[in-house]
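Visitor: Pasting a predicted model and its sequence here:
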Amino acid sequence: MTKKHIHWLHEQLPLLVAQGIITSETAARIKSHYDHQEAPSSRPLALTIFAILGGVLIAGGIILLMAHNWMEFNRSTRAFISFLLVILGQAVVGYALWKDKISAAYREGSGLFAQLTFGAGMALIGQTYHLSDDLGAFTLTWMLCTLPLVYLLRASGPALIYLAGVTFWACNVHGWYDRSHPAAWWIWIALLIPYAVMEMRRNPYHPRAILLMWGLGICLAIGTGICLESGWRNLWLVIYSGMFVSLYLIGSFWQGEGTSLWQRPLTFIGGLGATILLFIMTFDHVWNHIGWVTGSGNGQEGSWAALHDVFLACITTLTSVILMVTCRRRGQSFHLGLGILPVVVTLGYLLIGSGYGSSLAGPFFIIANLYFLGFSIMTLVEGIKERQLGTVNYGMLMMAALILTRFFDSDFGFIAKGLVFIVLGSAFLGVNFFLARRKGGPTP
């Protein structure tokens with residue numbers, strides 16, 4: 001049972017006692033039972049974090065000790081030390097696999113230790129025998145060789161390092177005209193998806209699953225932009241709107257019962273990204289620069305890059321629509337407010353890009369502003385309904401950002417602008433004061 005459910009149960013127990021459904025003694029025993037379950041909730045997270053830090057520090061310390069006298073060793077000694085590092089890491093992992101019921105914290109620490117020592121061994125061998133100095137290729141080889149540790153140990157620490165490593169590799173690929181294509185990044189990410197799904201099915205609120213979703217969401221937000229190089233003008237609007245909304249809806253399905261933003265990483269990353277994207281679309285120049293002309297690349301490489309971007313736009317939009325239909329069937333109508341964003345963006349891109357840019361850019365600019373205003377009001381109303389100050393302030397912040405942006409686009413004087421600031425600030429304080437009083441908490 002999550003903290004949200006336990007909090008709801010605490011609110012219901014006095015009512016059940018007052019109605020004579022249960023006795024006060026029974027209510028006290030129920031409360032004590034679930035309070036006992038709630039208390040150790042932070043322990044797995046602390047153990048996981050300290051295990052990850054421990055594995056990193058131990059591996060780093062060993063590497064630094066060897067590096068102190070590294071230049072004094074001959075080649076044979078260097079090679080022996082390099083292989084010894086790798087063997088030491090594998091021995092630690094072997095012990096973890098041999099002890100089947102060993103703690104998750106030890107698995108995390110041993111996995112990171114083995115991953116780092118393997119990378120250090122590779123780097124030392126390469127430095128000793130003057131092998132290729134391609135940092136991107138080295139990082140990718142290191143990550144792919146240590147990926148099995150994630151599945152063998154069920155460890156999210158090595159998974160996070162893997163995500164960072166393959167994304168770093170994508171940053172080092174010199175576009176679609178290099179011998180390596182950045183789109184291969186999707187393949188490397190896909191290799192980790194089965195582990196992510198397994199962890200989410202086991203327990204979506206376990207620290208391993210939460211940390212992994214944070215890493216995956218951040219890497220998707222970064223890596224997607226790295227792979228877009230075809231030059232389709234503002235096609236990234238379609239791609240990112242579909243991707244962010246998909247993350248937002250997936251997070252609401254799997255981790256929607258989380259009691260804090262920390263426990264809802266995909267919802268936070270997807271919702272924040274989609275909101276920022278929608279705000280960007282409230283500026284008219286975005287809609288005035290949409291078209292079908294490929295701006296970079298020639299020949300076969302440019303065609304593949306363009307095909308990649310179009311395919312990605314179709315996949316992300318289709319995925320978001322399927323998730324939106326699922327959301328509607330589940331009765332989660334509030335999520336539909338942001339869920340229709342990819343449909344609006346795709347429709348606008350198709351219509352404006354088909355040759356009606358000058359006549360339809362203006363109407364879609366107005367639609368985007370009305371959409372953003374409507375979603376901010378919807379968020380504000382939902383926050384008031386659920387008595388959630390964070391949601392209320394988020395809705396008011398969106399509304400204030402839109403009003404101020406459009407206000408400063410106009411030619412109003414300083415007095416009028418100052419009055420608007422005062423009105424908006426008063427609205428923030430008034431709503432927070434009202435909700436704080438209703439919740440019985442301290443007033444701001």
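Guide: Yes, it's here.
Visitor: wait, what's in contact with Thr405?
Guide: Thr282, Phe283 (Cβ atoms under 8 Å, 6 or more residues apart in numbering). For the C-beta atoms, the positions are set from N, CA and C on the backbone; glycine is no exception.
Visitor: at 10 Å instead, please
Guide: Phe279, Thr282, Phe283, Asn369, Phe372 (Cβ atoms under 10 Å, 6 or more residues apart in numbering).
Visitor: show me what contacts the first one?
Guide: The reference is to Phe279. Taking Cβ under 10 Å, 6+ apart, one finds Ala368, Asn369, Phe372, Ser376, Met398, Ala401, Leu402, Thr405 in contact with Phe279.
Visitor: Which elements pack onto the strand or helix carrying Ala305?
Guide: Per DSSP states H and E: Ala305 is located in helix 299-329. Secondary-structure packing of helix 299-329 (3 or more Cβ pairs under 10 Å, 6 or more residues apart in numbering; DSSP states H and E): helix 184-190, helix 207-227, helix 236-254, helix 336-339, helix 341-351.
Visitor: If I look at the residue at the greatest distance from the centre of the chain, what pLDDT would I see?
Guide: Ranking residues of the chain by C-alpha distance from their mean position (Cα atoms, centre = their mean) puts Gly20 at the top, at 46.8 Å. Confidence at Gly20, expressed as pLDDT, is 76.
Visitor: returning to what we had before: closest one to Leu152 among the helices and strands packed on helix 299-329?
Guide: helix 207-227 (14.3 Å; Cβ to Cβ).
Visitor: returning to what we had before: now the residue farthest from the centre of the chain. Its backbone dihedrals?
Guide: phi 80, psi 10 (degrees, to the nearest 10).
Visitor: what sits against Ser156?
Guide: 48, 52, 104, 107-108, 111-112, 150, 163, 195-196, 199, 206-215 are the contacts of Ser156 under Cβ under 10 Å, 6+ apart.
Visitor: now, which of the contacts of Phe279 lie within helices?
Guide: Ala368, Asn369, Phe372, Ser376, Met398, Ala401, Leu402, Thr405 (DSSP state H).
Visitor: Just the buried subset of these, please.
Guide: Among the ones in helices among the contacts of Phe279, those buried by neighbour count (16 or more other Cβ atoms under 10 Å) are Ala368, Asn369, Phe372, Ser376, Met398, Leu402.
Visitor: Now the second one: closest residue in space that isn't a chain neighbour?
Guide: It refers to Asn369. Thr282 (4.9 Å; Cβ to Cβ, 6 or more residues apart in numbering).
Visitor: cool, the first one as well?
Guide: Excluding the flanking residues, the one nearest Ala368 by Cβ to Cβ, 6+ apart is Met281, at 4.2 Å.
Visitor: what does the fifth one give?
Guide: Excluding its sequence neighbours, the residue lying closest to Met398 (Cβ to Cβ, 6+ apart) is Ser376, at 3.7 Å.
Visitor: gap between the one you found and Val310?
Guide: 32 Å (Cβ to Cβ, to the nearest Å).
Visitor: quick one on the thing from earlier: same list (the buried ones among the ones in helices among the contacts of Phe279) but as CSV, adding distance to Trp262 and pLDDT.
Guide: Shown next, in CSV, are those (distance: Cβ to Cβ, whole Å; pLDDT from 0 to 100):
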residue, distance to Trp262, pLDDT
Ala368, 31, 87
Asn369, 33, 85
Phe372, 27, 88
Ser376, 24, 85
Met398, 22, 86
Leu402, 28, 81
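Visitor: Just the closest of those to Trp98, please.
Guide: Met398 (54.1 Å).
Visitor: Contacts only, for that closest one.
Guide: Counting by Cβ under 10 Å, 6+ apart, Met398 has contacts Thr275, Leu278, Phe279, Phe372, Leu373, Phe375, Ser376, Ile377, Met378, Thr379, Leu380.
Visitor: Please give the element, helix or strand, for the last one.
Guide: Counting by DSSP H and E, the secondary-structure element that holds Leu380 is helix 357-386.
Visitor: and that helix, which residues are buried?
Guide: 357, 360-361, 364-365, 367-369, 371-373, 375-376, 378-380, 382-384.
Visitor: same thing with stretch 214-224?
Guide: Those would be Trp214, Gly215, Leu216, Gly217, Ile218, Cys219, Leu220, Ala221, Gly223, Thr224, for stretch 214-224 by 16+ other Cβ under 10 Å.
Visitor: What's the separation between the first one and Thr141?
Guide: The one in question is Trp214. 26 Å.
Visitor: residue ranges with poor pLDDT in the stretch 1-150 of the chain?
Guide: For the stretch 1-150 of the chain, the stretches with pLDDT under 70 are 1-10, 33-52, 54-56, 58-60, 62-75, 78, 100-103, 128-133.
Visitor: quick one: the helices in it?
Guide: 3-18, 24-38, 43-68, 75-98, 104-128, 135-146, 148-153 (DSSP state H, counting those that start in this stretch).
Visitor: relative to helix 135-146, how tilted is the fourth one?
Guide: Following axes from the mean of the first three to the mean of the last three Cα atoms, to 10 degrees, one obtains 40 degrees for the angle between helix 75-98 and helix 135-146.
Visitor: CA atoms only for helix 75-98 - export them in PDB, please.
Guide: Listed next in PDB are the C-alpha coordinates belonging to helix 75-98 (Å, rounded to 0.1, in the frame of the first residue of the first chain):
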ATOM      1  CA  ARG A  75      54.400  -3.100 -20.400                       C
ATOM      2  CA  SER A  76      54.000  -6.600 -19.000                       C
ATOM      3  CA  THR A  77      53.300  -5.300 -15.500                       C
ATOM      4  CA  ARG A  78      50.800  -2.800 -16.900                       C
ATOM      5  CA  ALA A  79      48.900  -5.500 -18.900                       C
ATOM      6  CA  PHE A  80      48.900  -7.700 -15.800                       C
ATOM      7  CA  ILE A  81      47.400  -5.000 -13.600                       C
ATOM      8  CA  SER A  82      44.800  -4.100 -16.300                       C
ATOM      9  CA  PHE A  83      43.600  -7.700 -16.500                       C
ATOM     10  CA  LEU A  84      43.800  -8.000 -12.700                       C
ATOM     11  CA  LEU A  85      41.300  -5.100 -12.400                       C
ATOM     12  CA  VAL A  86      38.900  -6.800 -14.800                       C
ATOM     13  CA  ILE A  87      39.200 -10.200 -13.000                       C
ATOM     14  CA  LEU A  88      38.700  -8.600  -9.600                       C
ATOM     15  CA  GLY A  89      35.500  -7.000 -10.800                       C
ATOM     16  CA  GLN A  90      34.200 -10.200 -12.200                       C
ATOM     17  CA  ALA A  91      35.100 -12.100  -9.000                       C
ATOM     18  CA  VAL A  92      33.000  -9.700  -7.000                       C
ATOM     19  CA  VAL A  93      30.100 -10.200  -9.400                       C
ATOM     20  CA  GLY A  94      30.600 -14.000  -9.300                       C
ATOM     21  CA  TYR A  95      30.300 -13.900  -5.500                       C
ATOM     22  CA  ALA A  96      27.000 -11.900  -5.800                       C
ATOM     23  CA  LEU A  97      25.600 -14.500  -8.200                       C
ATOM     24  CA  TRP A  98      26.800 -17.400  -6.000                       C
END
